[in-house]
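A.B. asks: need coordinates for the below:
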Amino acid sequence: MATENQSSYITDLAVLKTKEFKEVKELLVSTGIVADTAETVMKAQTLSEITNALTDQQASSFIDALIANKAPERARAYSKRRVEHTISALYNIKSTIAGWKF
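C.D. replies: Next up, the predicted model:
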């Protein structure tokens, strides 16, 4: 089983270096850290389930693979829907505050 420090580091790196959870599993298989028949890893729903299934050596290899993996491009702009939702929430807050008496 991976150490607590390794698990924490893997979690942080996975968030930075992958966009989707399935990429984590694909990286483990493509680098040969685990076989594509490793049921525990393939059926895992969380990173903690994966790190609990890895040995110390596998966790070290996975950390190296994550470090070597290029960080994905992330959009820096919000979608129109998200902006409209945020503006709507702001107007609701302003209308609530407008009725307050101090």
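A.B. asks: report the longest helix in this structure, please.
C.D. replies: helix 80-98 (DSSP state H).
A.B. asks: for residue 27, which non-adjacent residue is spatially closest?
C.D. replies: residue 65 (5.8 Å; Cβ to Cβ, 6 or more residues apart in numbering). In short, each C-beta sits where N, CA and C put it, glycine included.
A.B. asks: I figured that neighbour hits residue 29, correct?
C.D. replies: No: under the criterion of Cβ atoms under 8 Å, residue 65 makes no contact with residue 29, lying 10.8 Å away.
A.B. asks: hey, where'd the helices end up in this structure?
C.D. replies: Going by DSSP H, the chain shows helices at 4-17, 21-30, 39-42, 47-53, 56-68, 80-98.
A.B. asks: if we compare those helices, which one ends up closest to residue 74?
C.D. replies: Among the helices of the chain, helix 4-17 comes nearest to residue 74, with 10.0 Å by Cβ to Cβ.
A.B. asks: give me the distance from the closest one to the chain's centre.
C.D. replies: 9 Å (Cα atoms, centre = their mean, to the nearest Å).
A.B. asks: buried set for that helix?
C.D. replies: Of the residues in helix 4-17, 6-7, 9-11, 13-14, 17 count as buried by neighbour count, 16 or more other Cβ atoms under 10 Å.
A.B. asks: that helix packs against which elements?
C.D. replies: helix 47-53, helix 56-68 (3 or more Cβ pairs under 8 Å, 6 or more residues apart in numbering; DSSP states H and E).
A.B. asks: please save the CA atoms from the longest one in PDB.
C.D. replies: Extracted in PDB, the C-alpha atoms of helix 56-68 (Å, rounded to 0.1, in the frame of the first residue of the first chain):
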ATOM      1  CA  ASP A  56       5.100   1.700  -2.400                       C
ATOM      2  CA  GLN A  57       7.200   1.000  -5.600                       C
ATOM      3  CA  GLN A  58       4.100   1.400  -7.800                       C
ATOM      4  CA  ALA A  59       3.200   4.600  -6.100                       C
ATOM      5  CA  SER A  60       6.700   6.000  -6.700                       C
ATOM      6  CA  SER A  61       6.600   5.000 -10.300                       C
ATOM      7  CA  PHE A  62       3.200   6.600 -10.600                       C
ATOM      8  CA  ILE A  63       4.400   9.900  -9.100                       C
ATOM      9  CA  ASP A  64       7.300   9.900 -11.600                       C
ATOM     10  CA  ALA A  65       4.800   9.300 -14.500                       C
ATOM     11  CA  LEU A  66       2.500  12.100 -13.200                       C
ATOM     12  CA  ILE A  67       5.500  14.500 -13.000                       C
ATOM     13  CA  ALA A  68       6.500  13.600 -16.500                       C
END
